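Student: Build the 3D model from these lines:
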Amino acid sequence: MNTEDTIGAICTGIGGAISIIRISGPDSLRVAGRVWRGRAVPGNSNARKMLLGRISADNDADGEPALAVYMPGPNSYTGDDIVELHCHGGTLPVRRALDAVIAAGARLAEPGEFTFRAFVNGKMDLTQAEAVADLIYAHSDMALHLAERQIAGALKNQINRRRETLIDILSECESRMDFTEENLDWTDADIFVERINTVCREIDKLKASGKEGVILRNGIRVVLAGKPNVGKSSLLNLLLGYERAIVTQLPGTTRDTLEETAHIRNIPVRLTDTAGIREATDLIEGLGIDRSRKTIRESQLVLWMLDAASATISEDIEEMEKHIAEHRGVIAVWNKIDLAGNAPLPGLKYPAARISVTAGTGINELMDIFEQAVWGFPHTEEPEIAVSSRHAALLEEAAAALPEAAARLKSADWELAAVHLRAAITALGSITGENISPDILENIFSRFCIGK
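Tutor: Below is the predicted model:
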């Protein structure tokens, strides 16, 4: 991205009561001055003060009423001079105002370009920049809090501390190579080996948070499956909190997959209700059942619903086994438990919950089992840090280099120890953006929305 141009974009969602156009770059004041009409002109004398006026590219007396605020660099979001124009929301007014800004000399910003400039200008490191996108796209309170902590520097600080430890060790390795004949007060190699082992343990702990990071950022795909009329659509409606799927006593009401998003125990979930699996009675139902089977294969977790009051429980279990035998994430859900009486239910090799959707019983038990299945371990509090897949890959790269560095230190092979230490330091630096290729940067920031 070209960081010398003056750029502009709408940085609020279209359709709200107020829209904000952000202008950033060396010519921000000049561009704003060409479209701004008011008693006061944005400048150093009124920096960070809201000014009342209007937006007009041609001195039109009926220009758009607006507010303007000037934020001089480097103390701005991007580190460059910024002017923001706050105008009425809606599609047409803000689009017309943006057109005037572009005509005045600004270039339309690319996706993520404002945050990219903040990174380039040292306002934030790469982990903080990535957390801006995480904040925007957060699907749950836990994901939101995680992004806020990362923006505050929680991950950056952890990475920098480990990296500085390795840089200190590398410095002594290089000194030993440069001053081989000097009788200096060198640190014992065993002390450095122990420090490296400590860094390895800390990196392993950070890597372990990757599963939480992926789940909180991307969510998981959960499928409600089973025979017709076992209560899949009723459970979907219950989990969503509103009537999304049609529910009747007629088997096969759902003929296609229905997908909705939900938050279950602070976990972002893409819930899919599927057509009941049975021998199809017509072409349309057959297509829906085929799609159900495909959706089950592609899901991360299947809630297979069984009718606890069914007269064919053994056959129902066999049918379930046939479709999920190869699936690693399955929860059996015995529904209609209120109609089953005291008859014992067969044991299953999958975690199982006993519920009644209509009576609202057993739902907390199901949610407990669901939460355990997602995390794979007790998850009683929010993680302080949860790394992304990019971070985890670089942490793995750093961790792979450190045991060999420790071994070379033990044998006083300072040159090879330095090689492996540099590899680990480079990998950690790529996490925070100390050293990273332009292609990777472009890939990261291209995922942002325009205006951020």
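
Student: any chance you could map the strands in this structure?
Tutor: Under the criterion DSSP state E, strands of the chain are mapped to 7-10, 18-24, 36-38, 51-55, 64-71, 82-88, 107-108, 220-226, 258-264, 267-273, 301-307, 330-335, 352-354.

Student: Need these in CSV (columns: mean pLDDT and mean neighbour count).
Tutor: The way it works is simple: take the backbone N, C-alpha and C, and place the C-beta from them, glycine included. CSV is the format used below for those (pLDDT from 0 to 100; neighbours: other CB atoms under 10 Å):
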stretch, mean pLDDT, mean neighbour count
strand 7-10, 95, 25
strand 18-24, 95, 25
strand 36-38, 91, 19
strand 51-55, 93, 19
strand 64-71, 93, 21
strand 82-88, 94, 23
strand 107-108, 95, 16
strand 220-226, 88, 24
strand 258-264, 84, 16
strand 267-273, 87, 22
strand 301-307, 90, 25
strand 330-335, 91, 24
strand 352-354, 92, 20
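
Student: Take those and write them to CSV, including distance to P403.
Tutor: Formatted as CSV, these follow (distance: least, CB to CB, whole Å):
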stretch, distance to P403
strand 7-10, 46
strand 18-24, 45
strand 36-38, 61
strand 51-55, 61
strand 64-71, 48
strand 82-88, 47
strand 107-108, 49
strand 220-226, 33
strand 258-264, 40
strand 267-273, 35
strand 301-307, 36
strand 330-335, 38
strand 352-354, 43
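
Student: among the ones you listed, which is nearest F448?
Tutor: When the strands of the chain are compared by CB to CB, strand 7-10 sits nearest F448, at 11.0 Å.

Student: outside of that closest one, which residues touch it?
Tutor: Contact with strand 7-10 is made by 19-25, 31, 94-95, 98, 101-102, 106-110, 113-114, 450-451, as judged by CB atoms under 8 Å, 6 or more residues apart in numbering.

Student: Quick one: find the helix or strand in this structure with the lowest mean pLDDT.
Tutor: helix 283-298 (a mean of 63; mean pLDDT, DSSP states H and E).

Student: Pull the distance from stretch 207-218 to the chain's centre.
Tutor: Relative to the chain's own centre, stretch 207-218 is displaced by 9 Å; criterion: CA atoms, centre = their mean, to the nearest Å.

Student: mind listing what's buried in it?
Tutor: By 16 or more other CB atoms under 10 Å, the buried positions in stretch 207-218 come out as 207, 209-217.

Student: Name the surrounding residues that touch it.
Tutor: Residues outside stretch 207-218 that contact it (CB under 8 Å, 6+ apart): 134, 137, 139-140, 142-143, 146, 267-268, 374-376, 379, 383, 385-389, 391-392, 395-396, 399.

Student: what about S175, how many neighbours?
Tutor: Look at S175: counted by other CB atoms under 10 Å, it has 14 neighbours.

Student: among the contacts of stretch 207-218, which are in helices?
Tutor: When DSSP state H is applied, these are split such that 134, 142-143, 146, 374-375, 389, 391-392, 395-396, 399 fall in helices.

Student: Report the buried members of the residues you listed.
Tutor: The neighbour count (16+ other CB under 10 Å) marks 134, 142-143, 146, 374, 391-392, 395, 399 as buried among the ones in helices among the contacts of stretch 207-218.

Student: Could you point out which of those residues is nearest to T198?
Tutor: Nearest to T198, judged by CB to CB, of these is A399 at 12.6 Å.
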